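J.: Predicted model and sequence follow; I will ask about them next.
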Amino acid sequence: MDSIIQLKNINKIYGRRVKTQVLNNINLSIDKGSLNAIIGESGSGKTSLLNIIGMLDKPTSGQVEMEGKRIDKMSRRSLASIRNREIGFVFQFHYLLPEFNALENVLMPHSIRNLFSGRKTREKAKELLELVGLPAVKHNKVYDLSGGEQQRVAIARALMNNPKIILADEPTGNLDSHCSEVIYNIFRDINKNFGTTFIIITHDERIAKKTDRIIEIKDGVI
């Protein structure tokens, strides 16, 4: 299977006067269309690894490639464009905008690139809310949604620009076991139906065991 992300000899060091190395010579290949879990204790380097994969941060040394193209040396503007087009993010805290309703939040990635959203775009956003089981709440404000509903809106938002990769950082961390199972099933359905690659940081062993691959990181080493 072809890889979509490759990390080569990745090191990440924070600090200038007092240096802390959080990633140590990481080599990792992620297959297209796979569903992956990253596990490890707090402080092990999981989020730093995900941030480098998602181009939210750059490695101190090493190479990051996406579909065979090196991206770690690109400009901030180029990286921002790739993130918007190719990568969807789902975090433990959904980061929805409370002044907007569910549908408007789903439209947000499109709105970043386009000032106006046409009928087709709005229909797509509605379809994504249906995909995550929320067609009835599209006009509800964020504060009128439950935690599980807010996370499902965040998933629909992450899908708005048809990303090749979804990166999820503890997406079920604030949810009960039932809602966690719902979120996992949505991820798996998207993975199967659209071939979207998933990389999920999780402390939930039940979720990790259901993925295609578990990547364990300890003290900055896989």
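T.: Sure thing, it's come through. Numbering: from 1, shown residues only.
J.: Only C-alpha atoms from now on, for both contacts and neighbour counts.
T.: Fine.
J.: doesn't Val22 make contact with Gly45?
T.: Yes - between Gly45 and Val22 there is a contact at 5.5 Å, judged by CA atoms under 8 Å.
J.: Who has more neighbours out of the two?
T.: A count of neighbours by other CA atoms under 10 Å puts Gly45 above the other of Gly45 and Val22, at 23 against 20.
J.: got the contact list for the more buried one?
T.: Val22, Leu23, Ile217, Lys218, Asp219, Gly220 (CA atoms under 8 Å, 6 or more residues apart in numbering).
J.: Now the least confident helix or strand in the chain by mean pLDDT - C-alpha only, CSV.
T.: Within the chain, no helix or strand scores below helix 102-113, which has a mean of 78 by mean pLDDT, DSSP states H and E. Output in CSV follows, covering the C-alpha atoms of helix 102-113 (Å, rounded to 0.1, in the frame of the first residue of the first chain):
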residue,chain,number,x,y,z
ALA,A,102,-23.9,24.1,13.6
LEU,A,103,-24.2,24.5,9.9
GLU,A,104,-22.1,27.7,9.9
ASN,A,105,-19.4,26.0,11.9
VAL,A,106,-19.2,23.2,9.4
LEU,A,107,-18.9,25.7,6.5
MET,A,108,-16.0,27.5,8.3
PRO,A,109,-13.1,25.7,6.4
HIS,A,110,-14.7,26.6,3.1
SER,A,111,-15.3,30.2,4.3
ILE,A,112,-11.6,30.6,5.1
ARG,A,113,-10.9,30.2,1.4
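J.: Spatially central residue (nearest the centroid) of this protein, please.
T.: Centroid check for the chain by CA atoms, centre = their mean gives Leu167 as the closest residue, at 1.9 Å.
J.: which stretches of the chain have low pLDDT?
T.: Within the chain, the ranges that satisfy pLDDT under 70 run 1, 92-94, 111-117.
J.: Tell me where it has helices.
T.: 46-53, 76-86, 102-113, 119-131, 147-158, 177-194, 205-208 (DSSP state H).
J.: which residues does the closest residue to Ile5 other than its chain neighbours contact?
T.: Spatial nearest neighbour of Ile5, excluding adjacent residues (CA to CA, 6 or more residues apart in numbering): Met66 at 4.7 Å. Listed by CA under 8 Å, 6+ apart, the contact set of Met66 reads Ile4, Ile5, Gln6.
J.: now Met66: how far from Thr197?
T.: 12 Å (CA to CA, to the nearest Å).
J.: do Lys218 as well
T.: Counting by CA to CA, the gap from Lys218 to Thr197 is 23 Å.
J.: Among the contacts of Gly45, which pair sits farthest apart?
T.: Val22 and Ile217 (10.6 Å; CA to CA).
J.: for Ile71, phi and psi?
T.: phi -120, psi -10 (degrees, to the nearest 10).
J.: Please renumber the chain so that the first residue is 52 from this point on.
T.: Okay, residue one is now 52; in that scheme the one you just asked about reads as Ile122.
J.: neighbours around it, how many?
T.: Using other CA under 10 Å, Ile122 has 18 neighbouring residues.
J.: leaving aside the residues next to it on the chain, what's closest to Ile268?
T.: Distances taken as CA to CA, 6+ apart place Gly91 nearest to Ile268, at 5.2 Å, with adjacent residues excluded.
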